[in-house]
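J.: Take a look and give me a structure for this.
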Amino acid sequence: MDNNNKKYRNYQKTEKAIKESLIALYKEKKDINKITVKELCEVANISRSTFYLHYSDLISIFESVGDKFVESLKVMIIELAKSAKFDFPPYIIKIFKMINESNELIRIGLSSEYPLIYIENIKDQLESVIKKSPVFINTKYGKEQTLAEIRIVVSGMIDFIIGLIRSNEKIDVNKYTEILNNFLVRWTANLI
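T.: The predicted structure follows:
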């Protein structure tokens, strides 16, 4: 058991070194496309083979951050769908906390051309989870209306959060939790 814990700690330590090195290189070069895996490995003090145990390329670092974000949102949607009463604030706070913790890395990812494609993938994944939720399956509105609303809400929420991240200021969790909660409560109440 101790050996597994040690391996996990080493894995986490390497993950942190990779991400911190990417941030440092980006601050120096101001362009993600000017950073190579070789340079990143030198700064992180790891071998290329160690890097490739963690990631397939530089973009996959940003994908891993995006994947954690999507997983958090999926859990929120699944848990909320189980309840008749929607209690959004705890989930919104959790998401903003995660964004604040990864803010610099997310901002770097948004500065490259690739994330535009990845953001669309995030939207598609979230729409898929929401579409399967009982609240949306049993809505009083027709399927086309509900699907259009889901697309608009998911795109709007993701774009809203991206706008906050790009603003380069610390996200005021209480302020935006209230704003998003008010919107989501009104929207979901209309579906039932």
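J.: Tell me the pLDDT of Lys170.
T.: Per-residue pLDDT puts Lys170 at 74.
J.: what are the phi and psi angles of it?
T.: Backbone torsions for Lys170, taken as degrees, to the nearest 10, come to phi -60, psi 130.
J.: Ile78 touches Val129, doesn't it?
T.: Yes. Ile78 lies in contact with Val129 (C-beta atoms under 8 Å); the separation is 6.9 Å. Quick note: C-beta positions are derived from backbone N, CA and C, even for glycine.
J.: quick one: which of these two has more around it?
T.: Just comparing Ile78 and Val129: by other C-beta atoms under 10 Å the higher neighbour count belongs to Val129, 19 against 13.
J.: what does the domain assignment say about this structure?
T.: According to automatic domain parsing, the chain comprises the domains 1-55, 57-191.
J.: between the ones you listed, which has the poorest average model confidence?
T.: Confidence, taken as mean pLDDT, is least for domain 57-191 of those (a mean of 76).
J.: residues touching the closest residue in space to Lys74 that isn't next to it in sequence, list them.
T.: Nearest non-adjacent residue to Lys74, counting by C-beta to C-beta, 6 or more residues apart in numbering: Val129, 4.9 Å away. Contact partners of Val129, counting by C-beta atoms under 8 Å, 6 or more residues apart in numbering, are Leu73, Lys74, Ile77, Ile78.
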